[in-house]
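Enquirer: How does the following fold in three dimensions:
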Amino acid sequence: QVQLVESGGGLVQAGGSLRLSCTASGDTFRNYAMGWFRQAPGTEREFVAGISGSGRSTYYLDSVKGRFTISRDNAQNRVYLQMDSLKPEDTAVYYCAATRATYYIENGYNYWGQGTQVTVSS
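Expert: Model (predicted):
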């Protein structure tokens, strides 16, 4: 079982950047695919990005392609989400998640962090 703690959220102006971090503990990190999800008030949760255990394969939600980059450091047990060219519609609580299933299967993620708020002002 793995425990996840996110950090790095905050308030940023449109066009700005933020980097979210998620630190994992409790199990062998490289055995887990990792993902980032987000949920804005009154909306369904979105699967934003996913990355395989090796880091060689990634998935992105269409609306963030070219702006967000997911990466991982297996030596540090961390996964990152670099968010550039942020838009007000990116405002949401962002959650780090882990799965032992394939990285692009949204409903396979079964370990979750507590979430971190990202607010993009116009």
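
Enquirer: in the sheet, who's paired with Arg78?
Expert: Beta-bridge partners of Arg78, counted by DSSP bridges, are Thr23, Asp73.

Enquirer: my read: it touches Ser25, true?
Expert: No - Arg78 is not in contact with Ser25 according to C-beta atoms under 8 Å; the separation is 10.5 Å. Every C-beta, even on glycine, is put in place using the N, C-alpha and C of the backbone.

Enquirer: Settle it for me: which of the two has more neighbours?
Expert: Arg78 (17 against 11; other C-beta atoms under 10 Å).

Enquirer: Would you check how far apart the residue sitting nearest the centre point of the chain and Ser122 are?
Expert: Centroid-nearest residue in the chain, with C-alpha atoms, centre = their mean: Trp36, separated by 2.3 Å. Distance, Trp36 to Ser122, by C-beta to C-beta, to the nearest Å: 23 Å.

Enquirer: can you check Glu46 too?
Expert: Glu46 is 20 Å from Ser122, by C-beta to C-beta.

Enquirer: Name the residue in the two with the higher neighbour count.
Expert: Between Glu46 and Ser122, counted using other C-beta under 10 Å, Glu46 has the larger neighbour count: 16 against 9.
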